[in-house]
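J.: Structure of the sequence below:
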Amino acid sequence: MDSHGRLEIQTQGHLLWIRVQGGINYEFACRYRDEVMAAVLSLPPGPWVRVTDIQQWELGGPEIILPLHELMVWCEARQLAHSINIVSLLNLQKHMLDAMMTDVARHSLRHLTQQIPETLSLVQQLLPEFDAVAVMEPFYQNECLSR
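T.: Okay, here's the model as predicted:
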C-alpha cells in the first residue's frame with residue numbers, strides 16, 4: 001500500500017524486524033498494528049526483540065496514535081524484551097514514539113539508533129546466536145549493511 005506508506009516485516013527466531021516508509025494515515029496504522037500482531041504470534045515462545053526502521057517514515061497525523069498505542073500495549077503484554085527504533089529525525093520521531101507509549105506499562109528496554117550497522121551490532125549483542133547481517137541483507141537489497 002504505497003499510497004499511504006510501505007510496510008515490510010521480517011522474522012527470524014526471536015527477532016521481529018519492521019521497516020516503515022512514507023507517510024502514514026489511520027488505515028495504514030491499523031493495518032500495521034494487525035500485521036505486526038500476526039508476526040509476533042508466529043515467533044517462538046519467550047522474550048523477543050523488535051527492530052523498527054523508521055528512517056524513511058514521514059510521520060502521520062494524531063489519528064495514527066490510537067492504533068499504534070494499542071499495538072504497544074499488546075506487545076508489552078507479550079514478552080517484548082527490547083524495542084529498537086532506527087530513526088533519522090531524532091526529535092520528531094522520538095516525540096511520536098513517546099506519544100504512542102503514553103500510559104503504557106513498559107517492561108521492555110527502548111533503544112534509539114540512527115544507522116543500520118549500529119543496529120545490527122546491538123541486535124548481535126542481544127541475540128548472540130543470530131547472524132543479523134545474513135538475514136537482513138536481502139531485506140535491504142544491497143543498501144549499506146557494513147559491520
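J.: For the rest of this, base every contact and every neighbour count on C-alpha atoms.
T.: Fine.
J.: what element comes up after the helix or strand where Thr52 lies heading to the C-terminus?
T.: Element membership of Thr52, judged by DSSP states H and E, is strand 48-60. Later in the chain than strand 48-60, the nearest helix or strand by DSSP H and E is helix 65-76.
J.: Which neighbouring elements make contact with that next one?
T.: helix 26-41, helix 90-100 (3 or more CA pairs under 8 Å, 6 or more residues apart in numbering; DSSP states H and E).
J.: What ranges in this protein fall below the confidence cut-off?
T.: The model of the chain has pLDDT under 70 over residues 1-3, 142-147.
J.: looking at the helices and strands packed on helix 65-76, which is buried most?
T.: helix 26-41 (a mean of 17; mean count of other CA atoms under 10 Å).
J.: And stretch 53-68, end to end?
T.: 15 Å (CA to CA, to the nearest Å).
J.: Ala132 versus Val49, what's the distance?
T.: As judged by CA to CA, Val49 and Ala132 stand 12 Å apart.
J.: These two - which one has more neighbours?
T.: For Val49 versus Ala132, neighbours defined as other CA atoms under 10 Å are more numerous around Val49 (22 against 19).
J.: And the more buried one, how far from His14?
T.: 6 Å.
J.: do Val36 as well
T.: Going from Val36 to His14 by CA to CA gives 14 Å.
J.: that older thread, neighbouring strands for the strand holding Thr52, and are they parallel or not?
T.: Applying DSSP bridges to the sheet, strand 48-60 is found paired with strand 15-24 (parallel), strand 80-86 (parallel).
J.: can I get these in CSV with distance to Glu118?
T.: Converted to CSV, these look like this (distance: least, CA to CA, whole Å):
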stretch, distance to Glu118
strand 15-24, 15
strand 80-86, 9
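J.: got the ones you listed as CSV, with mean neighbour count and distance to Leu68 columns?
T.: Output for the strands paired with strand 48-60, formatted as CSV (neighbours: other CA atoms under 10 Å; distance: least, CA to CA, whole Å):
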stretch, mean neighbour count, distance to Leu68
strand 15-24, 20, 11
strand 80-86, 21, 14
